[in-house]
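*Asks:* my questions concern the predicted model and sequence given below.
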Amino acid sequence: MNVLFFITRIITFFGSSLRCFWEFVVCRIFKLPIEDIRCFKISEMCSHIEHEITEKAGQSFLLCALPFALNFCLGSCFLAYSSYYVFYAGVVNFNSVFFLIIGISLYSNLFPSVENALSLKDNIYSGEGKNLFVKIILAPFTALMLFGAYLEKYSLSVLASIAAAIAFPFITDPILYVISRIMMELKS
């Protein structure tokens, strides 16, 4: 196991433990046997729940998508407040820095383990009789999960999360401007 990976999971403990919780919830929904529930262990499964390999595409998809979506939404909420204050307005106080760290922590723990990402790919694309439309629709999501899993494996997800936090207000500002203009036009 990479020591840097373990250190980044400890530093981003809030996002790591929350992702473990989401994975635990999905395992309980599908009644997947769990082998090790500890979040912080010195192995390649640090900040992931060790469970039996999923055998169905729906299980694999939800095991990858639910923690991703929930951590992304929560991280975006924290970054909407904090990154605007810190990087856009230049206001640095305890609350904004604290929420920025939590937002980065959540963004750093979006992606599944490499095993879960490969299981998703195998369950969707292997075997005959699989729906071609589903394969095409899920191709970008599957590629994103695989790419993100390898980013996380080599601890690059933390750097990507910091970059996303810095870019967040500058990316969302034009969108918010258009929405506010539309709202003002609708009111007039």
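*Replies:* Yep, it's here.

*Asks:* for the rest of this, base every contact and every neighbour count on C-alpha atoms.
*Replies:* OK.

*Asks:* helices or strands next to the longest helix along the chain in the packing?
*Replies:* Of all segments of type helix in the chain, defined using DSSP state H, the longest is helix 156-187. For helix 156-187, the packing partners by 3 or more Cα pairs under 8 Å, 6 or more residues apart in numbering; DSSP states H and E come out as helix 57-83, helix 94-108, helix 132-153.

*Asks:* any chance of the ones you listed in JSON lines, plus mean neighbour count?
*Replies:* Conversion of the helices and strands packed on helix 156-187 to JSON lines gives the following (neighbours: other Cα atoms under 10 Å):
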{"stretch": "helix 57-83", "mean neighbour count": "20"}
{"stretch": "helix 94-108", "mean neighbour count": "22"}
{"stretch": "helix 132-153", "mean neighbour count": "16"}
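
*Asks:* out of those helices, which is closest to residue 181?
*Replies:* helix 57-83 (19.3 Å; Cα to Cα).

*Asks:* the helices and strands packed on helix 156-187: which one's closest to residue 182?
*Replies:* Nearest to residue 182, of the helices and strands packed on helix 156-187 and by Cα to Cα, is helix 57-83 at 20.3 Å.

*Asks:* average pLDDT for the closest one?
*Replies:* Mean per-residue pLDDT for helix 57-83: 93.

*Asks:* helices and strands around it, which ones?
*Replies:* Counting by 3+ Cα pairs under 8 Å, 6+ apart, helix 57-83 packs on helix 13-29, helix 94-108, helix 114-125, helix 156-187.

*Asks:* what pLDDT does the spatially most central residue of the chain get?
*Replies:* In the chain, the centroid-proximal residue (Cα atoms, centre = their mean) is residue 110; its distance is 1.3 Å. We have a pLDDT of 93 for residue 110.
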